[in-house]
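> Would you be able to build a 3D model of this:
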Amino acid sequence: MELEKLKQEKIDVIDFAKKIDREIENLFVENYQKLRIDGLTETFFIDLEIFKELLIKNENKKFCKFYYIQKGKALYLGLSFSDNDQCPIKSDDKKYILDDKSIIEEGDFTNLKDNFVNGIGAKLPTHPENKKDTLISYSMEEINKYLGEMKKVHPSISALKFNMFQYSPVSADHEFSAHFIDRDKRIAFCVHAIFDKKNNLYSEGDGYDLGNLRP
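Here you go, the predicted model:
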């Protein structure tokens with residue numbers, strides 16, 4: 001038990017993400033569901049082996065960015081490996097499209113990003129500073145450290161699960177209260193490790209959050 005606790009404490013200090021309490025995650029997920037906007041996908045999965053292959057293939061890039069994109073009427077995620085962590089998509093970025101069933105295909109999603117901005121994105125509530133959600137960015141170093149520690153805690157990890165949610169303020173005594181207030185009404189996701197998968201059953205690790213929202 002002490003060993004597991006020490007492993008968990010080590011994960012908690014990784015800059016990639018901070019563990020988010022299940023109660024707060026449930027609140028944020030409920031916020032997202034209450035938006036009642038057609039096309040909002042609630043959950044995405046990434047097969048770990050496929051994701052690791054992409055990380056190795058693009059190890060010369062500095063950042064991994066998850067763009068909100070719209071394909072048809074549904075929210076998808078555009079995965080970009082880039083040397084910058086800002087919003088514009090560059091010609092030398094490596095781009096992939098992720099749907100809700102862990103299918104990653106390579107392709108330019110610039111038009112799909114615009115579809116989101118003018119479609120689902122235009123229907124989202126306005127952030128206090130009038131920011132429009134575009135992407136979540138992580139450094140490659142942060143992601144590799146996170147996956148390494150997760151592998152130690154959950155050796156049978158096979159996938160990552162992304163629960164979409166919407167931020168809102170929480171009790172003032174919470175350690176991340178300032179972050180949640182600053183991100184009020186913005187959408188993002190919480191990342192869970194999936195392990196011990198057998199058929200359609202699996203175990204799910206704690207959720208981690210606080211990537212870099214852009215803009």
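
> now Glu142, what's its secondary structure?
helix (DSSP: H, G, I helix; E, B strand; the rest coil).

> Over to Asn26?
Following three-state DSSP, Asn26 is assigned to helix.

> try Ile46
Using three-state DSSP, the structure places Ile46 in strand.

> ok, which stretches of the protein are helices?
Per DSSP state H, the chain carries helices over the ranges 2-12, 22-33, 48-57, 110-118, 120-123, 140-153, 177-182.

> any idea which residue sits dead centre in this structure?
Phe189 (4.4 Å; C-alpha atoms, centre = their mean).

> so how many other residues sit close to the residue lying closest to that residue once chain neighbours are set aside?
The shortest distance from Phe189 to any non-neighbouring residue, by C-beta to C-beta, 6 or more residues apart in numbering, is to Phe162 (4.2 Å). For the C-beta atoms, the positions are set from N, CA and C on the backbone; glycine is no exception. Residues lying near Phe162 (other C-beta atoms under 10 Å) number 22.

> give the contact list for Phe28.
Contact analysis of Phe28 by C-beta atoms under 8 Å, 6 or more residues apart in numbering lists Phe165, Gln166, Tyr167, Ser168, Cys190.

> ranking the residues you listed by neighbours, who comes first?
Phe165 (25 neighbours).

> Show me what that one bridges to in the sheet.
Phe165 forms beta bridges with Ala188, as assigned by DSSP bridges.

> Then Glu105?
With DSSP bridges as the rule, Glu105 is bridged to Ile97.

> Quick check: it touching Ile97?
Yes - assessed by C-beta atoms under 8 Å, Glu105 is found in contact with Ile97 at 5.3 Å.

> quick one: low-confidence parts of this protein?
Low-confidence segments of the chain (pLDDT under 70): 1-17, 172-175, 210, 215.

> Thr41 is in contact with the residue nearest to Phe189, correct?
No - contact criterion C-beta under 8 Å: Phe162 and Thr41 do not qualify, at 9.4 Å.

> export the helices of the chain to JSON lines and tack on distance to Arg214?
As requested, the helices of the chain are exported to JSON lines (distance: least, C-beta to C-beta, whole Å):
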{"stretch": "helix 2-12", "distance to Arg214": "24"}
{"stretch": "helix 22-33", "distance to Arg214": "19"}
{"stretch": "helix 48-57", "distance to Arg214": "20"}
{"stretch": "helix 110-118", "distance to Arg214": "12"}
{"stretch": "helix 120-123", "distance to Arg214": "13"}
{"stretch": "helix 140-153", "distance to Arg214": "15"}
{"stretch": "helix 177-182", "distance to Arg214": "14"}
